[in-house]
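Q: With the sequence up front, the predicted model follows.
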Amino acid sequence: MRVFIVVCLFFGTIATAQKCTMHTSNIGYTSAYYAIDQKDTFDECCAQCAADTKCEAWTWHAKPFHTAKGDGNCLLATAATPHGAPGTNATLVSGSKHPIVPTPAPGKPTTGPTPAPIKPNPPGGKQPNIVLFLQDDQDLFLGGWNPMKQANRTVSAMGATSTNWFIHTPVCCPSRAQILSGRYFHNVRETTPSGGCMHVDEKKVNPVSFGFYLGKAGYTLGYFGKHMNSCPKLAPPGWDCPTFYWFANGGGSDNEPGGYLNASFHDYSQWPQSLNGTYKGNTNGEYSGYTTSIIANKSIEWVRQVAPLGKPFMVTVASKGPHVPSTPAPWYRTGTFIDALEAPRTPDYNASKEQLKNHHWLISQQGPITQKEGGAIDDLFRNRWRTLLSVDDAVHAYVNLLDELKLTDSTYMFITSDHGYNLGQHRLPSCKLNVYDHDIRIPMVFKGPGIKAGSSFDLPASNVDVGPTFLAWPVWMATLRIRWMVRVLYPWW
């Protein structure tokens, strides 16, 4: 369906109602607004923007709502920043003083020849190093990539960004099982209604993960941070090679609190810094006991040790952020650009009963989001982004590390998440679990040899493609990859 968006044009005079044309794509223009007022019609909202020299764009809502800046339904902004998914709900109208080009809605699938796959080109055909950053609940739909400003500059701009990367099961353990195994949930689930890690049969994941096959191919592996929620104490096959490092947990418990401060980890390896037991974070100890800083720094220490050995390495850095309770590092609790932000009011935020009447009963029976809940949503949104500032620091540290060790041209770096999140969409104040874009569409950014800087990867792909991608380098690993794919396609073998 073609979406038409018409905007107001102003040439030194205040626009009349006839000049304030509207769009029905349900795209807001004021994700960062400086004023809110109450107006009966969108014409009045447009006229107010026209009369204000500071105003560049406006968005009018049919129903007023409460914000930290006041109550109303007419938002004014100094720049037009389109946000939200295209739709046909005419209760939201936007315009700007100068034309803007909106992000187009995804087009219908086209038939034709399948594009040739991207062929990575490690120098000399050698096995490349692999760095995987795996976040917990980092969304794409609600702007979850935006706090990653350093990663955007040093990874996305220097590599490729996926525009259609998805997950299949928006809850922690099943999604992580699919990343590790390259198999859909129905192929790794328990055969009984109860048991397992959120119904995942771990015996169908850990012994045959991508780590197992990389280990067979001569890689040394390290895992730092959150594994599956039922995290094995000792390193699974592949991660137990002589030079491995297993520094992992299931995300931490709520009394730590929530895995961010003073968390415990299984700490096993043959390196002298390993406790070969339980590591306990301490807010008065190293890295202020903050989980993201702990796993980033310990993994960097390990990379420095294994890099000179001449073997390829694969390291996973799996932060708890931005999962609830979304506890920021002490140095990021206040004083950043995030302090003034509010959660995006997407078109499906606090949707009306009429809008939800044909949805699944779980959605259609949700009550409206209250003013108090809206405030809590804004607080959670800000803290989620604050936790990602620490992840961004870790990514930046790795980029510098690879440059320092002269490994940038022989290393692939991936940044992704296990699933997205919702913050008021479909009247769901917090969590995931539903197969809407805000829950299943996630970031996937990567760079490495042979990947064009500033490029995009537009084909649909998902978390089950991560493992097979790792096993694609180099050609002589094809036999191992075939064995992996046989297990994926024919799990009864």
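A: That came through fine.
Q: Next, give phi and psi for residue 246.
A: Main-chain torsions, residue 246, degrees, to the nearest 10: phi -120, psi 100.
Q: Ignoring the adjacent residues along the chain, who's closest to it?
A: Once flanking residues are discounted, residue 246 sits nearest to residue 235: 3.7 Å by C-beta to C-beta, 6 or more residues apart in numbering. For the C-beta atoms, the positions are set from N, CA and C on the backbone; glycine is no exception.
Q: name the element the one you found belongs to?
A: Per DSSP states H and E, residue 235 falls between elements, in no helix or strand.
Q: how close does it get to residue 357?
A: According to C-beta to C-beta, to the nearest Å, residue 235 and residue 357 sit 51 Å apart.
Q: More neighbours: those two, which one.
A: Set residue 235 next to residue 357 and count neighbours by other C-beta atoms under 10 Å: residue 235 wins out with 23 against 9.
Q: so what's that one up against?
A: Residues near residue 235 by C-beta atoms under 8 Å, 6 or more residues apart in numbering: 223, 244, 246, 268.
Q: got the residues you listed as TSV, with pLDDT and secondary structure columns?
A: Shown next, in TSV, are the contacts of residue 235 (pLDDT from 0 to 100; DSSP: H, G, I helix; E, B strand; the rest coil):
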residue	pLDDT	secondary structure
223	97	strand
244	95	coil
246	97	strand
268	96	strand
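Q: Now restrict those to buried residues only.
A: 223, 244, 246, 268 (16 or more other C-beta atoms under 10 Å).
Q: At which residues are the helices of this protein located?
A: Assigned by DSSP state H, the helices in the chain fall at 42-51, 149-151, 172-181, 210-216, 291-306, 353-356, 361-364, 371-404, 437-440, 466-470, 478-489.
Q: hey, which of those is tucked in deepest?
A: Among the helices of the chain, the stretch with the highest mean neighbour count (mean count of other C-beta atoms under 10 Å) is helix 172-181, at a mean of 26.
Q: Quick check: chain neighbours aside, which residue is closest to residue 300?
A: Nearest non-adjacent residue to residue 300 (C-beta to C-beta, 6+ apart): residue 401, at 5.7 Å.
Q: Residue 62 versus the one you found, what's the distance?
A: According to C-beta to C-beta, residue 401 stands 52 Å off from residue 62.
Q: Where does pLDDT dip in the stretch 101-250 of the chain?
A: For the stretch 101-250 of the chain, the stretches flagged by pLDDT under 70 are 101-125.
Q: now the strands for it?
A: 129-135, 160-162, 165-166, 220-226, 245-249 (DSSP state E, counting those that start in this stretch).
Q: mind checking which of those strands is nearest residue 45?
A: strand 160-162 (34.4 Å; C-beta to C-beta).
Q: what's that closest one packed up against?
A: Applying 3 or more C-beta pairs under 8 Å, 6 or more residues apart in numbering; DSSP states H and E, we find strand 160-162 packed against strand 444-447, strand 455-457.
Q: Including mean neighbour count and mean pLDDT, could these go into CSV?
A: What follows is these, written out as CSV (neighbours: other C-beta atoms under 10 Å; pLDDT from 0 to 100):
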stretch, mean neighbour count, mean pLDDT
strand 444-447, 23, 96
strand 455-457, 14, 92
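Q: Please identify the most buried of the strands of the stretch 101-250 of the chain.
A: When the strands of the stretch 101-250 of the chain are scored by mean count of other C-beta under 10 Å, the highest mean neighbour count falls to strand 220-226 (a mean of 27).
Q: For that strand, which strands pair with it and how are they oriented?
A: Strand 220-226 has the following strand partners under DSSP bridges: strand 245-249 (parallel), strand 313-318 (parallel).
Q: And residue 316, how far from residue 470?
A: For residue 316, the distance to residue 470 - C-beta to C-beta - is 11 Å.
Q: before we move on, the earlier item: need the buried ones among the contacts of residue 235 in a markdown table with distance to residue 136, can you?
A: Below are these laid out as a markdown table (distance: C-beta to C-beta, whole Å):
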| residue | distance to residue 136 |
| --- | --- |
| 223 | 14 |
| 244 | 23 |
| 246 | 19 |
| 268 | 22 |
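Q: quick check, nearest of those to residue 209?
A: Proximity of the buried ones among the contacts of residue 235 to residue 209 was ranked by C-beta to C-beta; the top entry is residue 223 with 10.1 Å.
Q: Residue 380 contacts residue 324, correct?
A: Yes - with contact defined as C-beta atoms under 8 Å, residue 380 reaches residue 324; the gap is 7.2 Å.
Q: Please identify every residue contacting each of those two.
A: Common neighbours of residue 380 and residue 324, using C-beta under 8 Å, 6+ apart, are residue 430.
Q: so who does the spatially closest residue to residue 417 that is not a sequence neighbour touch?
A: Closest residue in space to residue 417, ignoring its immediate chain neighbours: residue 138 at 3.8 Å, by C-beta to C-beta, 6+ apart. Contacts for residue 138 were tallied using C-beta under 8 Å, 6+ apart; they are 144, 145, 321, 322, 388, 391, 417, 420, 421, 442, 443.
Q: my read: the first one touches residue 423, true?
A: To tie it back to what came earlier, the one meant is residue 144. No - assessed by C-beta under 8 Å, residue 144 is found out of contact with residue 423, at 10.2 Å.
Q: Could I get the contacting residues of residue 367?
A: By C-beta under 8 Å, 6+ apart, the neighbours of residue 367 are residue 427.
Q: quick one: it and residue 351, what's the gap?
A: Residue 367 is 12 Å from residue 351, where distance means C-beta to C-beta.
Q: Run the chain-centre distance for stretch 148-155.
A: With C-alpha atoms, centre = their mean, to the nearest Å as the basis, stretch 148-155 stands 14 Å off its chain's centre.
Q: ditto for stretch 51-67
A: So, by C-alpha atoms, centre = their mean, the centroid of stretch 51-67 is 29 Å from its chain's centroid.
Q: Quickly list what residue 316 is bridged to.
A: Assigned bridge partners for residue 316, using DSSP bridges, are residue 132, residue 223.
Q: Quick check, it in contact with residue 219.
A: No - look at residue 316 against residue 219 with C-beta under 8 Å: they stay out of range, at 11.9 Å.
Q: hmm, back to that, among the contacts of residue 235, which two are most distant?
A: Greatest spatial distance in those: 223 and 268, 10.3 Å, computed using C-beta to C-beta.
Q: one step back: Provide the backbone phi and psi angles at the residue nearest to residue 246.
A: phi -60, psi 130.
Q: Quickly list what's touching both of residue 223 and residue 268.
A: What both residue 223 and residue 268 touch, as defined by C-beta under 8 Å, 6+ apart, is the set 235, 245, 246, 247.
Q: Find the residue at the geometric middle of the chain.
A: residue 138 (3.2 Å; C-alpha atoms, centre = their mean).
Q: Thought residue 422 was touching residue 349, still the case?
A: No - Residue 349 is beyond contact range of residue 422, at 9.3 Å (criterion: C-beta under 8 Å).
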